[in-house]
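>>> Fold the following for me, if possible:
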Amino acid sequence: MASAWTIASRAVDRAGRGTATITATPDHQRAELDAGGGRELTITIATPGHPRLDDGTSQVILPDDDAVRTAAAWIDGAPLASRPAGPPAYVDASRVPAVAELWERVAAAVTDALPDGLAADDEPVGIGDAEGVYRLVGPHGARLTVTPRLTRAGELAEVSWRGTLATGAATYGHGTPQASARAAAKWAATLTSAPAITPAGIRARREALGLSQSELANHLGVGQSTLAQWEASSRAPRDPASVDYALRALEEQVALIVRQQLATAGQASPGQPAALTTTAGPGLDDALHRVATGRAAGTLRADGRAVIITYTEE
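This next block holds a predicted model:
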């Protein structure tokens with residue numbers, strides 16, 4: 001892994017027609033080539049083994065050998081061409097200064113926003129990877145992923161974030177580093193909250209209602225694939241409280257039908273089986289009616305009553 005001074009020196013030696021003077025910082029991590037006529041090239045070590053070349057108009061991050069060839073061509077008069085694609089996979093994005101600064105900004109925002117009373121075991125843990133992605137994990141399934149987008153020159157262009165608050169609500173967006181820090185602070189502020197509903201809770205309550213994913217999704221006004229993602233924890237509702245409210249309404253509807261069926265059964269003559277009638281047609285209401293009838297029958301049998309269930313087509 002060459003220093004900026006070494007890259008510059010090799011470039012001057014390699015140049016065929018042009019010449020340039022070199023100045024460098026004492027640690028040799030930054031060097032400037034002056035080719036005259038106002039042409040200057042700054043070489044800095046963005047990531048060890050991958051220096052950044054900047055001529056004031058374009059920037060590129062290249063492996064050492066490519067950087068030497070590019071700088072030599074620049075000395076000979078060639079323009080510093082922008083790279084056609086994003087930073088190569090072998091660039092450790094965690095070592096790019098702008099990414100490291102982003103991580104520090106997000107971590108500081110989270111620390112400042114932690115609510116009073118948060119248990120030590122519930123304090124969030126953050127970790128970054130070589131792709132530049134920073135992941136935060138907290139209690140109650142709370143998580144937040146902050147992803148930087150780099151320019152072709154390896155500079156920070158935009159930040160996106162996606163995750164789940166401790167309340168169970170989804171959070172996502174994109175914007176500046178400052179915006180991502182604000183989103184992280186909002187995420188951290190919810191960590192003492194309890195989720196209104198969990199992925200396992202959605203599935204368990206749906207199945208207890210006897211509903212398919214399609215039936216419940218239609219009732220909630222979302223697509224079946226969205227509900228499937230909620231149940232699989234790969235996505236969270238934007239407003240989990242409204243999902244909980246909708247499920248409560250369905251559960252209350254079932255409870256009402258159970259009470260009605262038990263009241264009807266109570267009118268049967270002593271010693272006679274309790275006759276319960278349910279509907280066999282498709283649709284949400286019919287599905288709930290069948291579940292409620294089954295629960296009523298179970299209650300009656302537990303009391304030693306014989307039960308006969310009949311169906312009516314609608």
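
>>> what about the nearest residue to V99 once chain neighbours are set aside, distance to A297?
Leaving out its chain neighbours, the residue that sits closest to V99 by CB to CB, 6 or more residues apart in numbering is G132, at 4.5 Å. (Each C-beta comes from the backbone N, C-alpha and C, glycine too.) Distance of G132 to A297, given as CB to CB, to the nearest Å: 59 Å.

>>> Neighbour count for the two, which is higher?
For G132 versus A297, the count of surrounding residues by other CB atoms under 10 Å is larger for G132: 25 against 21.

>>> I'd guessed that one sits against A93; true?
Yes. With contacts counted by CB atoms under 8 Å, G132 reaches A93, the gap being 3.3 Å.

>>> Mutual contacts of those two, please.
99, 148, 150 (CB atoms under 8 Å, 6 or more residues apart in numbering).

>>> burial of the first one, as a residue count?
It stands for V99. With other CB under 10 Å as criterion, V99 counts 24.

>>> Next, the contact list for it, please.
By CB under 8 Å, 6+ apart, the neighbours of V99 are 93, 128, 132, 148, 150, 156.

>>> same thing but at 10 Å, please
V99 is in contact with 47, 92-93, 128, 131-134, 148, 150, 154, 156, 159, 177, counting by CB atoms under 10 Å, 6 or more residues apart in numbering.

>>> Turn the residues you listed into a markdown table, columns for distance to S233 and pLDDT.
A markdown table is the format used below for the contacts of V99 (distance: CB to CB, whole Å; pLDDT from 0 to 100):
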| residue | distance to S233 | pLDDT |
| --- | --- | --- |
| T47 | 34 | 69 |
| D92 | 30 | 72 |
| A93 | 27 | 75 |
| G128 | 22 | 88 |
| E131 | 22 | 83 |
| G132 | 24 | 88 |
| V133 | 19 | 91 |
| Y134 | 20 | 93 |
| P148 | 25 | 92 |
| L150 | 29 | 83 |
| G154 | 34 | 72 |
| L156 | 30 | 85 |
| V159 | 24 | 93 |
| P177 | 28 | 92 |
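
>>> who's in contact with S225?
S225 touches 213, 217, 235, counting by CB under 10 Å, 6+ apart.

>>> List the backbone torsions phi and psi for T44.
T44 adopts backbone torsions of phi -130, psi 160, taken as degrees, to the nearest 10.

>>> Quick check: buried residues in the worst-scoring helix or strand of the chain on mean pLDDT?
Of all helical and strand segments in the chain, the minimum by mean pLDDT, DSSP states H and E falls on strand 59-61, at a mean of 77. Using 16 or more other CB atoms under 10 Å as the test for burial, strand 59-61 gives 59-61.

>>> Which parts of this protein are strands?
Taking DSSP state E as the test, the strands found in the chain are 21-24, 30-36, 39-47, 50-54, 59-61, 125-128, 134-137, 143-150, 156-164, 170-175, 274-279, 307-312.

>>> okay, the ones you listed, which one's buried deepest?
strand 50-54 (a mean of 24; mean count of other CB atoms under 10 Å).
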